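*Asks:* what follows is a protein structure lacking sequence information:
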């Protein structure tokens, strides 16, 4: 999309209420200060953390 003479990519994501508590935990672990090195690099990827978090059976 071009907006105000600039190219812009937009992605929309959603999370349903039932999944939020579990996903919130994963995001908190990922964003925790000890998940990043002194130079700002992540130690564990969000995808790795989310793979270990179990969603309710209807969402798998």
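*Replies:* Looks like it came in fine. If you're wondering where the values come from, they're calculated on a predicted model, not measured in any experiment.

*Asks:* which helix runs longest in this protein?
*Replies:* When the chain is parsed with DSSP state H, its longest helix is helix 20-31.

*Asks:* quick check: next helix or strand after that helix?
*Replies:* The helix or strand immediately downstream of helix 20-31 is helix 46-52, counting by DSSP states H and E.

*Asks:* make sure residue 27 is actually in contact with residue 46.
*Replies:* Yes - between residue 27 and residue 46 a contact is recorded at 7.3 Å, counting by Cβ atoms under 8 Å. Bear in mind the C-beta positions are built from the backbone N, C-alpha and C, glycine included.

*Asks:* for this structure, give me the ranges with low pLDDT.
*Replies:* For the chain, residues meeting the criterion pLDDT under 70 lie at 1, 55-60.

*Asks:* ok, back up a step: any buried residues in the longest helix of the chain, and which?
*Replies:* The neighbour-count check on helix 20-31 (16 or more other Cβ atoms under 10 Å) flags 23, 26, 29, 30 as buried.

*Asks:* ok, the third one to residue 19 distance?
*Replies:* So that's residue 29. 16 Å (Cβ to Cβ, to the nearest Å).

*Asks:* list just the nearest of the buried residues of helix 20-31 to residue 53.
*Replies:* residue 26 (4.6 Å; Cβ to Cβ).

*Asks:* pretty sure the closest one is touching residue 53, no?
*Replies:* Yes - applying Cβ under 8 Å as the test, residue 26 and residue 53 come out as touching, 4.6 Å apart.
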